[in-house]
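S.K.: give me the fold of what follows.
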Amino acid sequence: MRKNQVAVVGAAETTELGIIPNASQLQLHADAALNAIADAGLKLSDIDGFATAVETPQQVCHYLGIKPTWVDGTSVGGCSFMLHVRHAAAAIEAGLCQTVLITHAESGKSMIGKLPRSTPPDSLNGQFEAPYGVYGPPSMFPIPVLRFMKTWGITHEQLASVAVVQREWAAKNPRAMMKDPITVADVLNSRMIAYPFRLLQCCLVTDGGGALILTSADRARDFPRKPVYIMGTGESVETPMVSQMETFNSSRAFKTAGPLAFKEAGIAHKDVDHLMIYDAFAHLPLFGLGDLGFMPYEATGQFIADGNTRPGGKLPLNTNGGGLSYMHSGMYGMYALQESVRQMRGIAPAQVPNAKISVCHGVGGMFAASGTIVFTNER
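M.R.: Below you'll find the predicted structure:
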């Protein structure tokens with residue numbers, strides 16, 4: 001894909017975030033979609049491309065009353081929406097559609113109209129992981145994290161500092177779920193969930209959603225909002241067990257998607273003004289900094305503990321508060337994308353001064369998938 005040929009012209013989250021017991025998951029999709037459409041100054045009838053995950057495209061399109069000529073139902077976990085952005089940009093460039101709506105919503109806390117998730121017994125996970133008690137994030141993540149800590153000398157205090165720094169960002173965000181300051185001691189004294197993770201190192205469980213609207217860069221000039229251009233994109237998937245048990249194999253999805261996006265955008269690490277790394281649990285920013293090539297893995301813990309990613313630091317990271325303090329309805333990628341767009345528009349609650357390039361890096365499917373988008377506000 002050629003860089004800066006497609007732009008985000010509409011972006012919005014659901015009217016409410018947090019606990020929303022009076023709206024079903026499908027209604028949250030609609031709320032986010034209508035907010036994004038209003039943000040772009042469009043009508044539902046202007047949408048001719050659509051993408052979503054978990055809920056099927058036909059279900060959401062029927063509810064909204066739209067009839068797109070291009071659809072994408074790619075569902076690979078929390079980074080699905082990064083992949084949707086990539087696919088939509090390619091479709092727009094190919095002339096398959098003009099205006100793409102991407103939606104996400106989950107009733108993760110209230111469970112109103114939420115589709116059940118299951119692990120089929122004949123799947124790879126069902127055959128080789130679930131029978132041994134490895135089932136879901138709290139039991140799957142600790143194994144590679146402990147290996148990461150042992151291999152690269154990451155301390156418990158450094159891991160705890162991720163949650164502390166992201167709470168500092170959340171304190172600046174009126175829509176964040178958790179705003180009260182915390183210390184490393186607070187994190188390490190919070191309730192143990194699954195070693196080495198304590199409660200404050202685990203993502204929130206909330207309700208909410210978000211939506212994006214993409215169109216060509218040439219058309220974007222006529223929209224009311226400042227366009228946010230897509231410089232580069234990358235994606236990759238692999239078997240979850242490979243990602244878990246061969247955590248530092250060079251073929252892992254994380255280490256594939258990021259370099260693809262950087263190469264396509266034609267940027268170096270020094271060019272990045274703002275960074276979003278999917279943070280379902282506190283270890284992921286450490287993984288992401290290493291996987292994206294910002295620094296060696298052994299330097300990631302100290303880099304965050306030294307304050308380099310906090311407000312005023314040299315590399316602003318997860319500036320909405322992240323999944324640890326902002327919100328996390330189950331598949332967080334859409335909210336990371338929303339923050340990157342806000343930063344590029346210059347309207348984020350904790351705005352990074354003079355930010356021109358934002359990298360948004362997502363993971364999904366228990367480390368089995370990854371997507372990276374590079375945004376810019378300059379063409």
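S.K.: so for the host helix or strand of residue 159, mean pLDDT?
M.R.: With the criterion set as DSSP states H and E, the secondary-structure element containing residue 159 is helix 156-170. In this model, helix 156-170 has a mean pLDDT of 98.
S.K.: can you give me the offset of stretch 107-126 from its chain's centre?
M.R.: Averaging C-alpha coordinates over stretch 107-126 and over its chain gives two centres that are 20 Å apart (C-alpha atoms, centre = their mean, to the nearest Å).
S.K.: and the contacts of it?
M.R.: Counting by C-beta atoms under 8 Å, 6 or more residues apart in numbering, the neighbours of stretch 107-126 from elsewhere in the structure are 18-21, 23-28, 54-55, 106, 127, 130, 135, 205-208, 239-241, 328-330, 366. For every residue, glycine as well, the C-beta is placed using N, CA and C.
S.K.: pull out the buried members of those residues.
M.R.: 18, 20, 23-28, 54-55, 106, 130, 206-208, 240-241, 328-330, 366 (16 or more other C-beta atoms under 10 Å).
S.K.: looking at those residues, which are in strands?
M.R.: 106, 207-208 (DSSP state E).
S.K.: residue closest to the middle of the protein?
M.R.: residue 333 (2.2 Å; C-alpha atoms, centre = their mean).
S.K.: so who does it touch?
M.R.: Neighbouring residues of residue 333 by C-beta under 8 Å, 6+ apart: 78-82, 104, 278, 362, 364, 371.
S.K.: what's the answer for residue 181, then?
M.R.: Residues 167-168, 171 are the ones in contact with residue 181 under the rule C-beta under 8 Å, 6+ apart.
S.K.: ok, of those, which one's closest to residue 41?
M.R.: Closest approach between the contacts of residue 181 and residue 41, by C-beta to C-beta: residue 171, at 32.7 Å.
S.K.: wait, doesn't the closest one sit right on residue 177?
M.R.: No. With contact defined as C-beta atoms under 8 Å, residue 171 and residue 177 do not form a contacting pair (11.7 Å).
S.K.: what is in contact with those two at once?
M.R.: Residues touching both residue 171 and residue 177 (C-beta under 8 Å, 6+ apart): residue 321.
S.K.: got the residue ranges for the strands in this structure?
M.R.: Listed in chain order, the strands found in the chain under DSSP E are 6-13, 49-51, 70-72, 100-107, 192-194, 197-198, 207-216, 228-237, 274-277, 357-364, 369-376.
S.K.: distance to residue 307 for those - can I get that in TSV?
M.R.: Conversion of the strands of the chain to TSV gives the following (distance: least, C-beta to C-beta, whole Å):
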stretch	distance to residue 307
strand 6-13	28
strand 49-51	38
strand 70-72	40
strand 100-107	32
strand 192-194	26
strand 197-198	21
strand 207-216	29
strand 228-237	28
strand 274-277	15
strand 357-364	20
strand 369-376	25
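S.K.: confidence-wise, which helix or strand of the chain is lowest on average?
M.R.: Least confident helix or strand, the chain: helix 240-245 with a mean of 52, by mean pLDDT, DSSP states H and E.
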